[in-house]
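A.B. asks: I'd like to go over a predicted model; first the sequence, then the structure.
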Amino acid sequence: MVRTLLVLAFMVVSVGAAPQQQAPVNHFAQSMSDFLKRVDDYMKLRGEITKTVPEVKETGDPAKISAREKGLGEAIAKARATAKQGDVFGPEMSAYLKKILAEDWKTRSPADRKALFEEIPPNLQLKVNQAYPTTLPLVSAPANLLAKLPMLPEALEYRLVDRYFLLRDRDANLIIDVLPNVYPTRNR
C-alpha cells in the first residue's frame with residue numbers, strides 16, 4: 001500500500017514537473033511588434049531632441065523653417081551616430097517588407113515602374129542619418145501599398161526612391177532606415 005502511494009505520488013510529481021509546452025510563436029506578429037517597439041524608441045529619442053531645437057513661430061519664412069529642419073535632423077543624426085541600416089526595420093521585418101514590395105512590383109504598370117526611376121541620379125546612394133536629398137522627388141508609397149505596411153506615427157513616412165525603401169522623418173528630413181535593392185535594377 002505504501003509502495004503504491006509512493007508510485008502514485010511520483011507519477012503526480014513527474015506529470016507536474018513536465019515542461020509546459022509554449023504556444024507557438026507567430027513570427028510575423030513578433031517581428032511587427034519588435035519593429036513597432038523600435039519605431040517607438042526612435043520617437044521617444046526624437047521627442048527629447050525636439051525639445052532642444054526651438055520651434056519656428058513664424059511659418060512664413062522658408063529660411064527659418066529650413067534651418068529648423070536641418071538643425072533637428074543634425075541633432076537626431078548626432079544622437080544616433082552609431083545607427084546603421086536595418087536598426088529600425090530589423091531583419092525579420094525587412095524580409096516581410098521585401099516580400100510586400102516584390103508583390104507590389106508585379107502589380108505596377110510599365111509606366112509606373114519607369115516613373116520610380118525617373119529623375120534619379122545614376123549612382124544614387126542613400127544611407128541612415130543622411131538628410132533626404134532636396135534634389136530628389138518625394139515619391140511616396142501608393143495607397144494600395146501603404147495599406148499593407150505597418151502604420152507609422154505621423155512624423156514618419158515610407159518613401160520609395162529608385163531601388164530603396166526608406167523610413168523618413170518628415171520634420172527633420174532625415175533618413176531613419178534604408179532597405180536597399182527592393183526592386184529590380186533599373187534600365188537606363
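C.D. replies: Alright, I've got the coordinates.

A.B. asks: Now do the buried residues in the helix or strand containing residue 144.
C.D. replies: Per DSSP states H and E, residue 144 falls inside helix 143-146. Using 16 or more other Cβ atoms under 10 Å as the test for burial, helix 143-146 gives residue 145. Every C-beta, even on glycine, is put in place using the N, C-alpha and C of the backbone.

A.B. asks: Can you name the residues in contact with it?
C.D. replies: Here helix 143-146 makes contact (Cβ atoms under 8 Å, 6 or more residues apart in numbering) with 100, 101, 104, 107, 140, 158.

A.B. asks: if you set the cut-off to 7 Å instead, what comes out?
C.D. replies: For helix 143-146, contacts defined as Cβ atoms under 7 Å, 6 or more residues apart in numbering pick out 104, 158.

A.B. asks: Would you mind checking the average pLDDT for it?
C.D. replies: Taken as a whole, helix 143-146 has a mean pLDDT of 85.

A.B. asks: from the chain's centre, how far out does that helix sit?
C.D. replies: Taking Cα atoms, centre = their mean, to the nearest Å, one finds the center of helix 143-146 at 15 Å from the center of the full chain.

A.B. asks: Residue 182: neighbour count?
C.D. replies: Residue 182 has 20 neighbouring residues, counting by other Cβ atoms under 10 Å.

A.B. asks: Check residue 127 too.
C.D. replies: Residue 127 is flanked by 13 other residues according to other Cβ under 10 Å.
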